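Student: Show me how the following folds:
(chains A and B)
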Amino acid sequence: MKRFMLPRNPLMDAVELPSSPSPTPTTSSTKPRPSSRKHKPSKENDTPSFITPSPAKLKSPLPPRPPSSNPLKRKLTAVDAVTNNSLPAPSDSGIKVVVNTEMVEYYDISSCYILRPWSMAIWEIMQSFIQCMSAILQEHEYRIADLFLLNIYISQSCFNFENNVLEFFDPEVKKMKIKTCYFPLFVSPEILQKEKDHVEDFAPEYGTLSSPLCGAYRSFDFRSRQFLWQERHTAFATKDEADAEVFEILELYRRIYEEYLAAFIPNTGRGIQGATSYCLGQNFAKMFEINFENEKGEKAMVWKSSWAYSTQTMQRGCFRIRTHDQQVTKTQLYRCTRVRPHNSILISEALLILISINIPKKHEQDLKDGNWVGVKPNP
Amino acid sequence: MAGTEAKKTESKKPAAKQSGAKKKEVKKETGLGLTHRKAENFGEWYSEVVVNAEMIEYYDISGCYILRPWSMAIWEIMQEFFDPEIKKMKIKNCYFPLFVSPGVLQKEKDHVEGFAPEVAWVTKSGESELEIPIAIRPTSETVMYPYYSKWIRGHRDLPLKLNQWCNVVRWEFSNPTPFIRSREFLWQEGHTAFATKDEADAEVLEILELYRRIYEEYLAVPVIKGKKSELEKFAGGLYTTSVEAFIPNTGRGIQGATSHCLGQNFAKMFEINFENEKGEKAMVWQNSWAYSTRTIGVMVMVHGDDKGLVLPPKVASVQVIVIPVPYKDADTQGIFDACSATVNTLNEAGIRAESDSRDNYSPGWKYSNWEMKGVPLRIEIGPKDLANKQVRAVRRDNGAKIDIASADLVVEIKKLLDTIQQNLFDVAKQKRDECIQIIHTWDEFVQALNQRKMILAPWCDEEEVEADVKARTKGEMGAAKTLCSPFDQPELPEGTKCFASGKPATKWTYWGRSY
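Tutor: Residues are numbered from 1 along each chain as shown, chains lettered A, B, ... in the order given. Take a look at the predicted model:
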C-alpha cells in the first residue's frame, strides 16, 4: 500500500468552525507549529491554537524554506502534495487524528512508525496496568478493591504524566511477584523451520502488509511492520491448569469491561480483536521436546498458554475515536485529545478494546454454555 | 558450548542429604560450586557464574544471550530509578523504529565509519530479496535526527528532549562476553536538542551524575567521572564524558556509561535548524547519552566471589531468602509457619523476601544454591530459633552470622541490608584505589601496566601521542589507551612532562587496558 504523508497544516483544513467559513489556507512554512511545551499544566485548559488562530497572535513568522538537500525532507514535501489531492475522504480523519495529536510520525521506511511521547506515555501506563493484572492473576483471585484501585490509578495517571506512574501502584500489588525475561531478537532458520505450522502462519507477514480490517479504511492500516508488545508464555503440568489460566485472563477482561468501562461503550456494531489469550495445548511442547518427569516418575509434556497485547491495541483505540465523529464534533475531539485532564477518555478507549477476546474455536461452545466462568486451577 | 553443558549436567545431580563445611565437600555433596576461582581464572570464572547463577542462558546464535528473570529484575530496578529521574528533567519517552534506510545511515560519514563493521542488514523478506537492504540500528542518531529536523522550526520548539528504552544490534565479531560485549543488548538512549551550548553542556553533566548514582548507589560499584580523549570520543560528536569502572582482577578499565555533547555537527548534517528569538536562522546544540545492560556485567565482575554471584541489596530481586531447617521430632509445621510469617512481615515492610520450602532439597543444598545466586541475606529458622523466638541471619558478602529477635526483625534486617550495600561499595572502592598508580615516566608506565594497575599519568593531550602509546603497548593482552581524564584533577606542578612524549603535560589522565 502507498504511504500517505499529510500536509504540514492539515488542521486548518480539518477544522469546521460553525460560526464562520474555513479560513483561507496559508503556506505551512509561514506558521510556527504548536510547541509540545503547550501541554504544560499551566496551559492545560487553554483553547488549542489551531481552533481559533489569529494573525495578530503570531510571533516571528518563519520565511519559506529554500529547497532542502535533505532527501528525506524533499520526499516528505513531495508526498505532501500527493496526499492533498488523493486521500480518500473516509480515511482522512483517522490518519489526521493520530498524526495531528502528535501520537505518531510516519517514518521513511513504509509501514514503520515513530511512537512519539504522547503515545509512549499511554503505552507505559498500559504496561503498568498489565503488570497489576498479571500480579493479580498470580494470586488466583480477583478483588474488587484491586480493580477499583487500578481504575483510580488510570485516572490519576492522566493528570500526572510527568510523575512516576509507579507511585500510583497499590502497595500490595507492588509486592506481588512478576518475573520478566528477554530473549534475543534473532531466530536461526533451523529453529524457525522446526514448527512448520508456526512458519506458515507468519511467513506472509515477513515484509508484506497484512490485509486491512475493512475496505473503507484501506489507506489506514492498523498493522505495523514493527510494534511493541508484551507477551507471556507459561507452561503447566496439566491441561486443567492451562485452561484455567486462559479463562482467568478472560474473566478479568470481562470484569473490567462490565464493571468499570461500561460507560464508554460506543454503539459501533463492530468487534475488534484487542487482546488474545491462547491455550497452545501440547503441540509446541511436542515440537520442542518440552518434557518433564511427573510425580509418578513418568515422562510427560507440558501444557502451554500465551497471551499478549500490543501497541496495536492502542492504535485501535485511536480507531475507536474515529467512530465518534457522529457523536463528538471534530472540535470537541481535538480538545479532548489535546487537553491533559481529558486523556482519560483516550486511555479508556484503549483499555476498552481489551474486552475483545480471540478464543480458540474449540472453546466457543464452552463459552456459550457459560462453563468457563469460575474455572480454577487444580490445588 | 560443550563445557557449559557439562557443567549444567553436573549441577543437576541429585542432592546429598548432608551439608559440608569445606568447599570441596560442599561441591562434592551438593553438586553445586564453581570449577574456576576468580583470582586464578577470571574469564572462565565469569562465564561460569553468569550461567550457574541463572542470569543468562547461551542462545543458539553466538554472541546473543537470553536474559533470564534474575537479570531482567536488576535491569528493571535500575529503570525504576532512572526513568522517573529523567522525567523530572522533562525528558519524554518515545519509540523509533528498529530499522534504518541506507541513505539516512550514510548521511554522517564519521558516525558511520565508527559503526560500519558492526551494522547488521536485513536483505530478505520471506523468500524474496529486498529491493533496498535495511540496516538494524546500532544506535539511533541517524534514525531520529531527520525527524528532529522536521519537528524543530522555531525556538519555542526547543528544547526537544527524548529518550527511548530499546534494544540495539552491533554485530561484534570479537570477544563476545555476556552483558559486556554482545550482538544485541538492551539500553536507554537519550537524544536532546537545545538552543544554546550552555544548556547542552549542563545536561551532559546532569545525566552523567545520574549514571554515577546508578553505579555507586545501586550497583555499589565505584566509578570515576571524566572526559574522553579525542581519539576515544563518540564518532561525530564534540566531546564525550563517561563514568569509568575498573576490574582489579584483570587490571582492565571498563566504560560504564557515556554522556556525549554532539555539538552542532549532526545538526549541520541533518539540517536541524531553528529561528531564534531575533529571527535569525541557527543550528541546535545536541546531546546523546546511554547506559546499557553492560552495567550488570560490571557488577558481577566487581562483587562476585568463588561461591558465585554477590548482589547488592538495592538491585536484588530477592533481598532475603528464608530457609526452614527442620529437625527430627521437632515442630516442623511450626518452623514452616514461622518462615511464612517472617516472609510476610518483611514483605509488609517493603523488603523483597522469599522462602525456600522445597522438600526435595536439604538445607545445606539450599544454602549453596542461594549463595550461588547472590542473595544478600539468608535467614535460617530451626527448632532452636523457634523456641528462642529468634532467627539466624547470614550475610552473603562476608559470611557473618547474627541472631535476631523476632520482635526486632524488620528494623534489624533493614539495618543489615543497608550495611551490606555500603560494605560492598567500600570494599570495591578500597580494592580499586589500591590499584591506582601515579607514574611519571614511560618505564614506570610499562611496569604499572604489567602489574595490572589503573594508571594516572601526566599527559600532553595530543592524539598522535595516544596513538603512539597504543602502538608501543600492543600485545596479546591488548593495547593500553586512555580511560578518561578525571574531572577531579590533581595538581599538575609546572614543568611536569608527559610520561610518553616528554613534552609539557597539560592534564592528568587515566590509562590502561579496557574491555
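Student: Quick check: next helix or strand after the helix or strand containing B:Ala245?
Tutor: Element membership of B:Ala245, judged by DSSP states H and E, is strand B:239-247. Going down the chain from strand B:239-247, the next helix or strand is strand B:252-263, by DSSP H and E.
Student: Packing partners of that following strand?
Tutor: helix B:197-213, strand B:239-247, strand B:285-292, helix B:294-303, strand B:507-514 (3 or more Cβ pairs under 8 Å, 6 or more residues apart in numbering or on different chains; DSSP states H and E). For every residue, glycine as well, the C-beta is placed using N, CA and C.
Student: want to try a markdown table for the ones you listed, with mean pLDDT, distance to A:Glu295 and mean neighbour count as columns?
Tutor: A markdown table is the format used below for the helices and strands packed on strand B:252-263 (pLDDT from 0 to 100; distance: least, Cβ to Cβ, whole Å; neighbours: other Cβ atoms under 10 Å in any protein chain shown):
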| stretch | mean pLDDT | distance to A:Glu295 | mean neighbour count |
| --- | --- | --- | --- |
| helix B:197-213 | 97 | 49 | 18 |
| strand B:239-247 | 97 | 46 | 25 |
| strand B:285-292 | 96 | 43 | 24 |
| helix B:294-303 | 97 | 36 | 24 |
| strand B:507-514 | 96 | 52 | 22 |
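Student: Of these, which is nearest B:Glu127?
Tutor: For the helices and strands packed on strand B:252-263, proximity to B:Glu127 was assessed by Cβ to Cβ; strand B:285-292 is nearest, at 34.7 Å.
Student: Centre of the chain to that closest one, how far?
Tutor: With Cα atoms, centre = their mean, to the nearest Å as the basis, strand B:285-292 stands 17 Å off its chain's centre.
Student: What of stretch B:97-105?
Tutor: Worked out by Cα atoms, centre = their mean, stretch B:97-105 lies 28 Å from the chain centre.
Student: Straight-line length of stretch B:450-464, end to end?
Tutor: Length of stretch B:450-464, first residue to last, Cα to Cα, to the nearest Å: 23 Å.
Student: Pull out the buried positions in that stretch.
Tutor: For stretch B:450-464, the buried set under the neighbour-count rule, 16 or more other Cβ atoms under 10 Å in any protein chain shown, comprises B:452-462.
Student: cool, and stretch B:222-234?
Tutor: In stretch B:222-234, counting by 16+ other Cβ under 10 Å, buried: B:222-229, B:232-234.
Student: out of these, who's nearest chain A?
Tutor: Nearest to chain A among these: B:Phe234, at 22.2 Å, using Cβ to the nearest Cβ.
Student: what's the closest one in contact with, if anything?
Tutor: B:114, B:228, B:240, B:258, B:260, B:262, B:288 (Cβ atoms under 8 Å, 6 or more residues apart in numbering or on different chains).
Student: let's go with 10 Å and repeat that
Tutor: Residues in contact with B:Phe234 (Cβ atoms under 10 Å, 6 or more residues apart in numbering or on different chains) are B:110-111, B:114, B:139, B:141, B:228, B:240, B:242, B:258-262, B:288-290.
Student: now stretch B:180-187, how far from the chain's geometric center?
Tutor: Per Cα atoms, centre = their mean, the centroid offset for stretch B:180-187 relative to its chain is 11 Å.
Student: residues touching the residue nearest to B:Arg452 when sequence neighbours are not counted, list them.
Tutor: Of all residues not flanking B:Arg452 in the chain, B:Gly251 sits nearest, at 2.5 Å (Cβ to Cβ, 6 or more residues apart in numbering or on different chains). Listed by Cβ under 10 Å, 6+ apart, the contact partners of B:Gly251 are B:435, B:448-455, B:477, B:512-514.
Student: Then B:Pro383?
Tutor: B:Pro383 touches B:325-332, B:334-335, counting by Cβ under 10 Å, 6+ apart.
Student: just B:Cys166 next, same as before
Tutor: A:228, B:94-98, B:137, B:140, B:186-189.
Student: Check these against B:Tyr46 and report the nearest one.
Tutor: Nearest to B:Tyr46, judged by Cβ to Cβ, of the contacts of B:Cys166 is B:Leu186 at 19.3 Å.
Student: Which residues are in contact with the closest one?
Tutor: A:182, B:67, B:71-72, B:75, B:79, B:165-168, B:292-294, B:296.
Student: List buried residues within those residues.
Tutor: Here, 16+ other Cβ under 10 Å leaves A:182, B:67, B:71-72, B:75, B:165-168, B:292-294, B:296 buried among the contacts of B:Leu186.
Student: so can I have a markdown table of the helices and strands packed on strand B:252-263 showing distance to chain A?
Tutor: Output for these, formatted as a markdown table (distance: least, Cβ to the nearest Cβ, whole Å):
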| stretch | distance to chain A |
| --- | --- |
| helix B:197-213 | 14 |
| strand B:239-247 | 23 |
| strand B:285-292 | 12 |
| helix B:294-303 | 12 |
| strand B:507-514 | 26 |
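Student: got those as TSV, with distance to B:Lys415 columns?
Tutor: Below are the helices and strands packed on strand B:252-263 laid out as TSV (distance: least, Cβ to Cβ, whole Å):
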stretch	distance to B:Lys415
helix B:197-213	22
strand B:239-247	28
strand B:285-292	30
helix B:294-303	20
strand B:507-514	36
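Student: Select, out of the ones you listed, the one closest to A:Ser111.
Tutor: Here strand B:285-292 is closest among the helices and strands packed on strand B:252-263 (Cβ to Cβ), at 26.7 Å.
Student: and the closest one with helix B:197-213, angle?
Tutor: Interaxial angle, strand B:285-292 versus helix B:197-213 (axes from the mean of the first three to the mean of the last three Cα atoms, to 10 degrees): 10 degrees.
Student: the inter-axis angle of strand B:285-292 versus strand B:252-263?
Tutor: 150 degrees.
Student: Return the list of strands paired to strand B:285-292, each annotated with direction.
Tutor: Sheet neighbours of strand B:285-292, with direction, are listed as strand B:184-194 (antiparallel), strand B:252-263 (antiparallel) (DSSP bridges).
Student: Take those and write them to JSON lines, including distance to B:Ile402 and mean pLDDT.
Tutor: Below are those laid out as JSON lines (distance: least, Cβ to Cβ, whole Å; pLDDT from 0 to 100):
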{"stretch": "strand B:184-194", "distance to B:Ile402": "37", "mean pLDDT": "95"}
{"stretch": "strand B:252-263", "distance to B:Ile402": "33", "mean pLDDT": "96"}
